Structure formats: structure tokens, C-alpha cells
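Visitor: Please work out how this folds:
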Amino acid sequence: MKKYISRLFLAMIAGFIVMPCSGGAQAKGTQSQVWQVQAVKSIVNDPAVSKGLKDLKIYQGCKYKIKNVENSAKLEKLLKHGLAALQLNRAYVNGFLDYFSYREQPTDGNKTAFFNSLKTLNLAINSYKENHQHYKLIGIFTFLDLAERVIKDIEKAERV
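Guide: Reported below is the predicted structural model:
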């Protein structure tokens, strides 16, 4: 069980890593566009989330075989928390990628995409808080405060 938990922990940490801009040739477009497509693909196809879902399904299919009910419940809680943390991270990363897109090109389309990302992030936050209390989410709340200022008045937010 310890070996499995270690793998789950590593998968969770892997889900918190965003692909940095590679040092190759300069791409055309804004600064965030250089690496944004790669990061979004990484998030959408995040193997840690897929593995978390698979692990949860495997567990649910065989949890009746675990004789110690307390350990079974702990494992299920750990699996669900890991998956929820990865999904929260996915929404957070999408939100700040859309934040930079909107700041660099403040078009109506980018503002709408940013606003939609913030709605998704708020849903992920509420879901996480309803079921888990491990992370305090201070950094995400700070981002949401900044995002709210940018949505209201981007020019004023740029000056602050």
C-alpha cells in the first residue's frame, strides 16, 4: 500500500508541473502563445488525471475484497482526493493561461474565454472544498482576486 501511495503522490505532483517554454526557435505571436498550446495539450491529455480515474475505477471494482474496512475507506478517500486535486490544478492552470492571453490581447473573445475559465475554476474550487480540506487554496484565491480586477477594468489592473 505504501508503494501505491508513493506513486499516487508522484502523479499528483506531476500534475502540478506546467511545461516551460522550450529554448528553441522563437514562435510568432504573444509571449504566452509560445508555450501555451503545449501546456494546454499537456493539461487536457494529463496522464495523471487519466491514471487517477483508472485507479479509482480499479479500486471500486475490487474494494469488496479488502477485508479491513477502515483501510479501504482511507484508500478510497486518498484516491478521490488525488483526483480532485489534479482536476482543481487543471482548472487553475487553464485560468491563468487564459489570464495571460487576455492581458496580452484584450479582445472580447479572450475576455469570454478567461471568464469561462474562471467559472470552471470556481466550480472546481467548490467541489474540492465540499469534499476535501487538505489544501487551503490561498494562492488560487489570490489569483481569483487579481482575475476579478482584470475582468472589471484591465487598464486599471495593469497599473496596480
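Visitor: need the helices for this structure, in chain order.
Guide: Along the chain, the stretches classed as helices by DSSP state H are 2-14, 33-44, 47-62, 69-104, 108-131, 138-152, 154-159.
Visitor: need the ones you listed in TSV with mean pLDDT and mean neighbour count, can you?
Guide: C-betas here are computed from N, CA, C, even on glycine. Below are the helices of the chain laid out as TSV (pLDDT from 0 to 100; neighbours: other Cβ atoms under 10 Å):
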stretch	mean pLDDT	mean neighbour count
helix 2-14	40	13
helix 33-44	54	16
helix 47-62	67	15
helix 69-104	87	18
helix 108-131	94	15
helix 138-152	92	14
helix 154-159	84	11
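Visitor: thinking residue 147 is in contact with residue 111, fair?
Guide: No. Shown here, residue 147 and residue 111 do not form a contact pair, counting by Cβ atoms under 8 Å, at 11.2 Å.
Visitor: hey, what's in contact with both of those two?
Guide: Overlap of the contact sets of residue 147 and residue 111 (by Cβ atoms under 8 Å, 6 or more residues apart in numbering) is empty.
Visitor: What residues does the nearest residue to residue 123 once chain neighbours are set aside make contact with?
Guide: Of all residues not flanking residue 123 in the chain, residue 91 sits nearest, at 7.5 Å (Cβ to Cβ, 6 or more residues apart in numbering). Contact partners of residue 91, counting by Cβ under 8 Å, 6+ apart, are 117, 120, 121, 123, 124, 125.
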